[in-house]
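Undergrad: No sequence on hand, only this structure:
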């Protein structure tokens with residue numbers, strides 16, 4: 001099973017972000033957009049995990065997450081990874097109580113590292129992935145749209161995190177919640 005730890009967005013915010021995706025799509029760029037129902041903020045991507053390890057993952061998250069405090073985030077600004085050259089990922093920036101988000105990420109990283117899951121080598125850069133650029137077609141027009149649509153797009157209270165399973169299908173990934181844990185108020 002393919003797993004990741006995420007902050008799921010409220011439905012109204014997902015709808016607002018989907019509207020932003022539609023605006024960006026007017027550029028004609030060759031982008032594989034994240035489906036509205038799948039929009040989320042990744043805390044930790046685990047990848048393929050054998051089903052027998054699910055219970056220990058859930059237990060580790062149940063121990064680590066409640067020690068972190070709830071926080072608020074703001075979605076604003078657009079960018080790409082990499083920042084220069086041919087873009088591969090299109091994203092919305094995350095502001096607000098980002099340090100609390102980093103603390104949550106660190107707690108999850110430590111809890112899962114104790115189970116043998118490797119830590120992320122790159123610095124944690126909170127963002128909301130909007131889509132993946134598939135080819136150079138329309139990239140210049142996309143960059144112009146990005147420059148014109150810098151937000152803000154909304155905010156959210158982060159009170160819980162979820163362990164998500166991603167099942168790949170011909171129509172795209174389908175996500176299923178495998179556990180939810182609340183943050184300290």
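TA: Nice, I can see it. As the structure is a computational prediction, the values presented were derived from the model and not from experiment.
Undergrad: tell me which residues in the strand or helix carrying residue 132 are buried?
TA: For residue 132, the host element (DSSP states H and E) is strand 127-133. The neighbour-count check on strand 127-133 (16 or more other CB atoms under 10 Å) flags 127-131, 133 as buried. For the C-beta atoms, the positions are set from N, CA and C on the backbone; glycine is no exception.
Undergrad: for stretch 45-61, same thing?
TA: Neighbour-count burial for stretch 45-61 [16+ other CB under 10 Å]: 46, 49, 54, 57, 60-61.
Undergrad: Start and end of it, how far apart?
TA: Counting by CA to CA, to the nearest Å, you get 14 Å between the two ends of stretch 45-61.
Undergrad: Same question for stretch 149-159.
TA: 28 Å.
Undergrad: can you give me how far it is from the chain middle?
TA: Put simply, stretch 149-159 sits 13 Å off its chain's centre (CA atoms, centre = their mean, to the nearest Å).
Undergrad: again with stretch 127-134
TA: Taking CA atoms, centre = their mean, the mean C-alpha location of stretch 127-134 is offset from the chain mean by 10 Å.
Undergrad: Give me the residues contacting it.
TA: With contacts defined as CB atoms under 8 Å, 6 or more residues apart in numbering, stretch 127-134 is touched by 9, 17, 20-21, 24, 29-34, 39-42, 75, 78-80, 86-94, 139, 142.
Undergrad: now stretch 23-37: mean pLDDT?
TA: Stretch 23-37 shows a mean pLDDT of 97.
Undergrad: Give me the residues contacting that stretch.
TA: Stretch 23-37 is contacted by residues 14-15, 17-18, 21, 78, 90, 129-139, 141-142, 144-146, 149, 172-173, 175 when judged by CB under 8 Å, 6+ apart.
Undergrad: Now intersect the contacts of stretch 127-134 with the strands, please.
TA: When DSSP state E defines the strands, the subset of the contacts of stretch 127-134 inside them is 31-33, 40-42, 75, 78-80, 89-94.
Undergrad: now the buried residues of strand 127-133 as TSV including distance to residue 167 and pLDDT?
TA: Shown next, in TSV, are the buried residues of strand 127-133 (distance: CB to CB, whole Å; pLDDT from 0 to 100):
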residue	distance to residue 167	pLDDT
127	24	97
128	21	98
129	18	98
130	21	98
131	20	98
133	24	97
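Undergrad: With distance to residue 158 as extra columns, can I get these in TSV?
TA: TSV is the format used below for the buried residues of strand 127-133 (distance: CB to CB, whole Å):
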residue	distance to residue 158
127	14
128	13
129	17
130	19
131	23
133	28
